[in-house]
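Participant: Fold the following and give me the result.
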Amino acid sequence: MTPVCPFVKAARPDEMNSKKPGENLNKHQTETEIKTKKDASDSATASPKCPFGFDSQKKDANDSAAASPKCPFGYDSQKKDLNDSAIASPKCPLGYDSQSFKIGPLSCLVCHALLFESSKCVPCSHVYCKACISRFKDCPLCGADIEKVEADSNLQSMVDRFIEGHARIKRSHVGTDKEEVVGENKPVIYEDVSLERGAFLVQQAMRAFRAQNVESAKSRLTLCAEDIRDQLERMGNTSELCSQLGAVLGMLGDCCRALGDAGSAVSYFEESVEFLLKLPKDDLEITHTLSVSLNKIGDLKYYDGDLQAARNYYFRSLNVRRDAIKHHSNVPSQILDVAVSLAKVADVDRSVGNEDVAIGGFQEAIKLLESLTLNSEDSSLEQRRLSVLGFLNNQLAEKQPETTL
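Facilitator: Residues are numbered from 1 along each chain as shown. Got it, this is the predicted structure:
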């Protein structure tokens, strides 16, 4: 099945081609008349026909509302109106356009990201990322048994040159006339998608991380962070750059946590918080990212046994979310976030022996969630509300038997 971008609606077939060619023609018409009709209506090259008949259309006008069967090989695609030919099709920021998802020549077929530690299968010679192919015994592309895997340094060198020349934000340099010359920072065009250079590296990192190729994701994000730091040195702490660096550092923290490096993860999250604190607090996305980074540090401290430090970070996150409600009191997700932070703080309070304070926190969170009214369209938020509410009620029920004795 052809993947469709979740942000782009599928192109509607041209009304001119919605009927089967020649369906209203009289069977006694001459071949000349048929040819004239066809030439008039199909001025462009005829669309390919599906060998399984999936491109056939409804003959009855009353059946026009019924959905036509879709060809699994894409032969039923229609041409767009000639008037729309000058309009560029919207592109998905993650590389999924409205018609197809294309893998670039330097990408791994498993993770769909740029090759990292390129490795060649023997004997079929197909190339993948080292981490991706290590999970297979047969070649994912041809099915041949993998006898061994060899590093492909030549191809990896080509990938690295592509990243350095086309994907990284070029640094400014000083020419012979001592005047600053700024390098061209043209968008990256790869897989028929045009992205800004920093966004392209983040895209590749997200694909790799999703496919559990964490080292690849970390490598791309590290380059992206270096480029943003260089821009900060030249342009100062602008809101846009601080927001970008804060987000990238947070993702680097996620990579380190996935690799089991808790110390580096905390360092990245703390640096992310440092840059996000420089930004205005009236932006929901920024406050959410900031509070999540604080909670992630708290989680790592909690698992490390440092409960007091964990409570400190949880409480800071709670304050950020409470301040956000003051500016956006009508956003249900913000109320849910506050309830989650209250639960985290109360859980630590119980662990350190402050039972009364913990019960107060749980009860405050329950009141928030019980007073929250959601629209019928917010089914995902309702599921989350019920899940958190169930957890909070269970926390209160755990202590109930002791209080009744």
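Participant: just checking, residue 366 touches residue 392?
Facilitator: Yes: taking contacts as Cβ atoms under 8 Å, residue 366 lies within contact range of residue 392: 5.0 Å. Every residue, glycine included, has its C-beta placed from N, CA and C.
Participant: neighbour count winner among the two?
Facilitator: Between residue 366 and residue 392, counting by other Cβ atoms under 10 Å, residue 392 is the more crowded of the two (25 against 19).
Participant: quick one: the more buried one and residue 355, what's the gap?
Facilitator: Separation of residue 392 from residue 355 (Cβ to Cβ, to the nearest Å): 15 Å.
Participant: Same check on residue 132?
Facilitator: Distance of residue 132 to residue 355, given as Cβ to Cβ: 49 Å.
Participant: out of those two, which sits in the more crowded spot?
Facilitator: Neighbour count, other Cβ under 10 Å: between residue 132 and residue 355, residue 132 has more, with 24 against 14.
Participant: Report the contact partners of the more buried one.
Facilitator: 108, 110-111, 211, 213 (Cβ atoms under 8 Å, 6 or more residues apart in numbering).
Participant: Using TSV, please lay out those residues together with distance to residue 128, secondary structure and neighbour count.
Facilitator: Shown next, in TSV, are these (distance: Cβ to Cβ, whole Å; DSSP: H, G, I helix; E, B strand; the rest coil; neighbours: other Cβ atoms under 10 Å):
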residue	distance to residue 128	secondary structure	neighbour count
108	5	coil	28
110	6	coil	19
111	8	coil	23
211	11	coil	19
213	10	coil	25
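Participant: quick one: which of the residues you listed is nearest to residue 158?
Facilitator: Nearest to residue 158 among the contacts of residue 132, counting by Cβ to Cβ, is residue 108 at 13.7 Å.
Participant: Skipping adjacent residues, who's closest to that closest one in space?
Facilitator: Counting by Cβ to Cβ, 6 or more residues apart in numbering, the nearest residue to residue 108 once its immediate chain neighbours are dropped is residue 129, at 4.5 Å.
Participant: ok, the one you found to residue 165 distance?
Facilitator: Plainly put, residue 129 is 21 Å away from residue 165 if you go by Cβ to Cβ.
Participant: more neighbours, the two?
Facilitator: Between residue 129 and residue 165, residue 129 has the larger neighbour count (other Cβ under 10 Å), namely 25 against 9.
Participant: What's opposite that one in the beta bridge?
Facilitator: residue 118 (DSSP bridges).
Participant: What is the burial count for residue 303?
Facilitator: Applying other Cβ under 10 Å, we find 10 residues neighbouring residue 303.
Participant: wait, what's in contact with the closest residue in space to it that isn't next to it in sequence?
Facilitator: Leaving aside its chain neighbours, residue 303 sits nearest to residue 262 (7.6 Å; criterion: Cβ to Cβ, 6+ apart). Residue 262 sits next to 256, 300, 303-304 when contact means Cβ under 8 Å, 6+ apart.
Participant: Which stretches in this structure count as helices?
Facilitator: 31-41, 130-133, 153-162, 197-210, 214-235, 239-258, 262-276, 284-303, 307-327, 332-351, 355-371, 379-404 (DSSP state H).
Participant: show me the contacts for residue 137.
Facilitator: 145-146.
Participant: Any chance of a PyMOL selection covering the buried ones in the contacts of residue 262?
Facilitator: Here is the PyMOL command that picks out the buried ones among the contacts of residue 262, judged by 16 or more other Cβ atoms under 10 Å:
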select buried, resi 256+300
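Participant: Check the contacts of residue 262 against residue 117 and report the nearest one.
Facilitator: residue 256 (18.3 Å).
Participant: So that closest one is in contact with residue 218, correct?
Facilitator: Yes: between residue 256 and residue 218 there is a contact at 7.4 Å, judged by Cβ under 8 Å.
Participant: Next, format the contacts of residue 262 as TSV and append distance to residue 246 and pLDDT.
Facilitator: Shown next, in TSV, are the contacts of residue 262 (distance: Cβ to Cβ, whole Å; pLDDT from 0 to 100):
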residue	distance to residue 246	pLDDT
256	16	96
300	18	95
303	23	93
304	23	93
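Participant: Show me which residues of stretch 211-224 are buried.
Facilitator: Of all the residues in stretch 211-224, those buried under the rule 16+ other Cβ under 10 Å are 211, 213-214, 216-221, 223-224.
Participant: again with stretch 282-289
Facilitator: Buried residues in stretch 282-289, counted by 16+ other Cβ under 10 Å: 283, 286-289.
Participant: for those residues, which one is nearest residue 325?
Facilitator: residue 287 (9.9 Å).
Participant: Excluding chain neighbours, what is closest to that closest one?
Facilitator: With Cβ to Cβ, 6+ apart, the residue lying closest to residue 287 is residue 324, at 4.5 Å.
Participant: try residue 133
Facilitator: Spatial nearest neighbour of residue 133, chain neighbours left out: residue 119 (5.5 Å); criterion: Cβ to Cβ, 6+ apart.
Participant: The one you found reaches residue 148, doesn't it?
Facilitator: No: if you go by Cβ under 8 Å, residue 119 and residue 148 don't touch, sitting 9.9 Å apart.
Participant: So for those two, which sits in the more crowded spot?
Facilitator: residue 119 (24 against 9).
Participant: Give me the local confidence score for the more buried one.
Facilitator: At residue 119, the model reports a pLDDT of 96.
Participant: Residues in contact with stretch 326-345: which ones?
Facilitator: In contact with stretch 326-345 (Cβ under 8 Å, 6+ apart) are residues 281-282, 284, 288, 291, 295, 298, 311, 314-315, 317-318, 321-322, 324-325, 361-362, 364-365, 368-369, 372, 374, 378, 381, 384-385, 388, 391-392, 395.
Participant: Apply 6 Å and report the result again.
Facilitator: 282, 314-315, 317-318, 321, 324-325, 361, 364-365, 368-369, 372, 374, 381, 388 (Cβ atoms under 6 Å, 6 or more residues apart in numbering).
Participant: Buried ones only from the residues you listed, please, as a PyMOL command.
Facilitator: Entered in PyMOL, the line below selects the buried ones among the contacts of stretch 326-345, by 16+ other Cβ under 10 Å:
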select buried, resi 314+315+317+318+321+324+325+361+364+365+368+369+381+388
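Participant: I'd like the distance between residue 157 and residue 106.
Facilitator: 11 Å.
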